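Visitor: Turn this into a model:
(2 chains)
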Amino acid sequence: MHALRRASVTTTIPREAAGSDGDEALAPQLLVRMHDIMVRARCLEERLIRMNKQGDGYFWIGGPGEEAFNAPLGLLVHKGQGPQFDYLHLHYRSSATLLAMGADPVDALRQMKSTASDPYSAGRNFCNHYSVRKWNVVPVSSPIEVQFSMAPGTAIANKRAGGKGITLVQGGDAGTAEGDFATCLIWCSRPGLELPCLMLVTNNRWGISTPASEQHGEKHIADRARAFGIKTAVIDGNDPETAYRELKKAMDYVRTERKPFLVEAMVSRLYGHSSASGANFVTDESDCLPLFEKKLEERKVLTRAAMDELRARTTQELLEASKRVREEPQPAGAQIWEHVFADRDLVGEGARSHGPAVPGNGAS
Amino acid sequence: MATVVQAIRLALHVGETRLGVTDIFGEDVGPPLGGVFTQSQGLDKAWNSPLDERGIVGTAIGLALAGQRPVAEIQFCDYAFNAIDLMKLAGGICWSSGGDYNCPMVLMTPVGSGIRGSLYHSHSFDGQATRLPGWKIVMPSNPLDAYGLLLSAIVDPNPVMFLTPKALLRAKAGPGERIPGEPDDDRALAKMIDAPLGDRSKWRPEWPDVKDHFVPIGKARTCREGKHVSVITYGRMVPVAMQAAGQLAGEGIQAEVIDLRSLHPVDWDAIEASVRKTNRVLFLNEDTEVTNFGEHLLRRTVETLFYELYAPPRLLAGAHVPGVGLADSLERASVPQLDQVVVAMRELAGHQA
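Guide: Below is the predicted model:
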C-alpha cells in the first residue's frame, strides 16, 4: 500500500501503474467482474449512439472512455436508501457506475427512446440522466457542476446519521471552472465541520470543443483542493485496477475520518462530447477496454475468445432489447401535469384546461 | 402581540421542536447575530453558512433529498439571482425524476422596498419566484399569517419559498391576529424571545407555548369586504390597500381587499368570487410592472371574467427601472404610494355598468 500513498502525492500521472510497485493484486474474480461491467457499459453506450443515429432517440450523451473508473466506483458504493448509505451525485457519463450497482441496461434504452416506462424520468429527460431513489442516486441534471453545490447537503445528512455512508459527487474537468466546485471545497472543509464527501473529477481534458490547456493554468485540478487541507489523489482513470485501489483507499478514508477527499482521474472521451459533435469514435485517445483486455489475456485471467464472445453476445442482446423498447408506449401529453408537486398533480394556476397542452386547441 | 419577525422566529421554534426541522441556515443566521432582522435568534438548529447563495440553495436541496427538513435563507432576495438555476432545479426535481424524488425545503428571503435599502436591498422577487414551476410561493402581510404560512411551508413536501416583506417585519399584529399561546403583553414577549444587545453568549430564550396554526397554502384572505371595487394584493401593499379602502369609505365607496397570501398556487376562486361581486378590480403589488405577476392575474381576469367587468381591470405596480433609488423622492416615484392607490380605486369605482 505504500506505493499507493506515493501515487496520491505525485505530480505526474502514474500511467499503467497497476500491478507494479508492490501493489496488492486484485482477485481474478474481481477483474473478471470489472471487465464484464466495462464491456456491458461500452456495448450499452454504443447501442445508445446507434439508436440516436437511427432516429430512436433525440440526443446522446454518455460515458465511453470513463468505464475503467466508473465501473469500480459502482462496485465500491455502499448501496441503499437513506443517510446510512452513500449518496451519489453523478454526471451524464456515469453509465458504468449504474450498471455496476445493478441497473438494468434496458432502462437506459427506455430513457433514450423517451418511453413512458423510462424509470429515471418518465420520458422527460435525455439519456444517461438517472434518478434512483432506492439507491440514493439523486437526479442527474444537464447543467454542469450544480451537483457540487448539492453534495454538502447529503454529506451533512451522512455525517449526522453517524454510520459509514458518504457522499460521492462526480463531474468533469471543465465544470470545475464553475463556482459550484469552489462551493463544494469550502462547505466540505469548514474547520471542525468537515464533511464525508468524496469529490471525483474525471478529467478528459475537454469542455465540449475547447481543450482544457487553453483555459486552465493549474497543473492539476486536485491542487485546488489542497489549499483547503483536503487530501487528494491524481490517478490513471483508464486503468480499472488503479482506479479500484485508489477509490477504495479514498472511500475508506472518507468513511472512517468523516472528512473530504478529492480524486482526479485522467480519463478519455472516446465518442466526443455528445451526438451534437457527431458521436464518432476517436482514435487518438487511450481506450481503457482493449488496454485492460490485453492485460487480462497476458495474465491468463480471460481468453481472447471469451472476451470476444461476451462483447458479441452483449451487443446482440442490447440490439434485441432496443427493438422491444421501440414498441413501448410514449408518455401521454397530458402527463406533463403529473409530478409538478409531490402532493398534487395539477399545476392549478396557469393550467387552463386539464387536456393536452396543444396551442390553438381552444384552451381558452 | 408579536411582530412579523417574532412570528417567524416562533414558527421556526415550533418547526425545530415539533415539526422536524433539522437545519435553519444561511448567512448570519446562527449565533451570535441570529439573522440580520433577528428572525432566527435563539434557535437550536440555526447555523451560519459561508457567504455563498449557490451553496445555500444547493445544500438545502441536498439536505431535502437526504430526508432532512431544511429552512434556508437568502439574506436579501437581491442576492438570490445567482442561485436562480439551483432554484429551478429544486422546482424540477420531482417532475424531472418522474416523481421518484421530492424536495421538501423552505427558502426564506426578505423582499421589497421600504427600509431605505437603495438598489440592492429593495428588489421584489414575486416576478422571478412565480416563474419557477414546482415551487409553492407564499408571502405574509401580518404576524399571524407569517406564523401560519411558515408552519405550512415547513410540513409541505415540496420546495416552498417564503417571501417576507421587509417593510412589515416590525409590523405588529392587528385585532384578531394574535398567535395562539403568545403572551398578551408584547413587552413580555420581547423579554422572552428577543436577544439582548451586547454579549448574548449566555442568553437563552424563554419560548411561550404557542399552538399549532396552519394557514393553508393556496388560500387567500378577505381583509375587508366591499361591493364597489376589489383590490387583489399581497405583502407590503396589503396595509396600503386597507388604508386606501378606509379613506374611500368616507366617500361612500366600499372596497374589498383580498390578501392572496399564496402566489402559487393562487386562490383563483377567491379572486373570481370577488370580481363577480364588485365587477371592478385593481391588482396591486410593488414589483416592476413589465412581466409582473399581476399581469398574469389580469390576463386570466380578461380571458375568463370579461363580461363581468364594469371597468377596464388595472394593475398598479412598481416602475420598470433597474432599482429603487435611495432618495425619498426616488423611492416614492418607484413603488405604488397610498395616494395613487386611492386614485386608482376611486376611478375604478366610478365606472358604471
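
Visitor: The residue in the stretch 51-200 of chain A positioned nearest to chain B: which element?
Guide: Nearest residue of the stretch 51-200 of chain A to chain B: A:Gly153, at 1.9 Å (C-beta to the nearest C-beta). Backbone N, C-alpha and C define where each C-beta goes, glycine included. Counting by DSSP states H and E, the element that carries A:Gly153 is helix A:147-161.

Visitor: strands paired with the helix or strand just after that helix, and their directions?
Guide: Moving toward the C-terminus from helix A:147-161, the next helix or strand (DSSP H and E) is strand A:167-172. Using DSSP bridges, the strands paired with strand A:167-172 are strand A:87-89 (parallel), strand A:197-203 (parallel).

Visitor: tell me which residues in stretch A:205-221 are buried?
Guide: For stretch A:205-221, the neighbour count (16 or more other C-beta atoms under 10 Å in any protein chain shown) marks A:Arg205, A:Trp206, A:Gly207, A:Ala212, A:His216, A:His220, A:Ile221 as buried.

Visitor: go on, stretch A:28-35?
Guide: By neighbour count on 16+ other C-beta under 10 Å, the buried set for stretch A:28-35 is A:Leu31, A:Val32, A:Arg33, A:Met34, A:His35.

Visitor: what's the answer for stretch B:296-306, then?
Guide: Under 16+ other C-beta under 10 Å, the buried positions of stretch B:296-306 are B:His296, B:Leu297, B:Leu298, B:Arg300, B:Thr301, B:Leu305.

Visitor: Can you classify the second one by secondary structure?
Guide: The three-state assignment at B:Leu297 reads helix, by DSSP: H, G, I helix; E, B strand; the rest coil.

Visitor: quick one: contacts for it?
Guide: Contact partners of B:Leu297, counting by C-beta atoms under 8 Å, 6 or more residues apart in numbering or on different chains, are B:Ile232, B:Val266, B:Ile271, B:Phe283.

Visitor: Okay, strands next: where are they in the stretch 201-350 of chain A?
Guide: Taking DSSP state E, counting those that start in this stretch as the criterion, the stretch 201-350 of chain A carries its strands at A:206-207, A:210-211, A:231-236, A:261-266.

Visitor: Please identify the deepest-packed of these.
Guide: strand A:261-266 (a mean of 26; mean count of other C-beta atoms under 10 Å in any protein chain shown).

Visitor: May I ask which of the contacts of B:Leu297 has the most neighbours?
Guide: Highest neighbour count within the contacts of B:Leu297: B:Ile232, with 29 neighbours (other C-beta atoms under 10 Å in any protein chain shown).

Visitor: just checking, what's the longest strand in chain B?
Guide: strand B:281-288 (DSSP state E).

Visitor: picking that back up, deepest-packed of the strands paired with strand A:167-172, please.
Guide: By mean count of other C-beta under 10 Å, the strands paired with strand A:167-172 have strand A:87-89 as the most buried, with a mean of 29.

Visitor: could you point out which element follows that strand?
Guide: Counting by DSSP H and E, the element after strand A:87-89 in chain order, helix or strand, is helix A:95-101.

Visitor: Can you show me the CA trace of that next one as PDB?
Guide: Below are the C-alpha coordinates for helix A:95-101, written out as PDB (Å, rounded to 0.1, in the frame of the first residue of the first chain):
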ATOM      1  CA  SER A  95     -23.500   4.600 -17.100                       C
ATOM      2  CA  ALA A  96     -20.800   2.100 -15.900                       C
ATOM      3  CA  THR A  97     -21.400   3.100 -12.300                       C
ATOM      4  CA  LEU A  98     -25.100   2.500 -12.600                       C
ATOM      5  CA  LEU A  99     -24.500  -0.900 -14.300                       C
ATOM      6  CA  ALA A 100     -22.000  -1.900 -11.600                       C
ATOM      7  CA  MET A 101     -24.700  -1.100  -9.000                       C
END
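
Visitor: Can you tell me which helices and strands whichever helix or strand comes after that helix packs against?
Guide: Where DSSP H and E defines the elements, the next helix or strand beyond helix A:95-101 is helix A:105-112. Here helix A:105-112 touches helix A:28-53, helix A:95-101, helix A:304-326, going by 3 or more C-beta pairs under 8 Å, 6 or more residues apart in numbering or on different chains; DSSP states H and E.

Visitor: buried ones in the last one?
Guide: For helix A:304-326, burial by neighbour count (16+ other C-beta under 10 Å) applies to A:Met307, A:Leu310, A:Arg311, A:Thr314, A:Thr315, A:Leu318, A:Ala321, A:Ser322, A:Val325.

Visitor: Against chain A, which of the contacts of B:Leu297 make the cut? List them.
Guide: B:Val266 (C-beta under 8 Å from any C-beta of the partner chain).

Visitor: coming back round to it: quick check: which element contains the nearest residue to the residue of the stretch 51-200 of chain A closest to chain B once chain neighbours are set aside?
Guide: Once flanking residues are discounted, A:Gly153 sits nearest to B:Gly62: 1.9 Å by C-beta to C-beta, 6 or more residues apart in numbering or on different chains. Using DSSP H and E, B:Gly62 sits within helix B:53-65.

Visitor: Could the C-alpha coordinates of that helix be exported in CSV?
Guide: Only the C-alpha atoms of helix B:53-65 are listed here, as CSV (Å, rounded to 0.1, in the frame of the first residue of the first chain):
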residue,chain,number,x,y,z
GLU,B,53,-26.0,31.8,-2.1
ARG,B,54,-25.5,28.9,-4.5
GLY,B,55,-24.1,26.8,-1.7
ILE,B,56,-27.1,27.7,0.5
VAL,B,57,-29.7,26.7,-2.0
GLY,B,58,-27.7,23.7,-3.2
THR,B,59,-27.1,22.4,0.3
ALA,B,60,-30.8,22.9,1.1
ILE,B,61,-31.6,20.7,-1.9
GLY,B,62,-29.1,18.0,-0.8
LEU,B,63,-30.5,18.1,2.8
ALA,B,64,-34.0,17.7,1.5
LEU,B,65,-33.1,14.8,-0.8
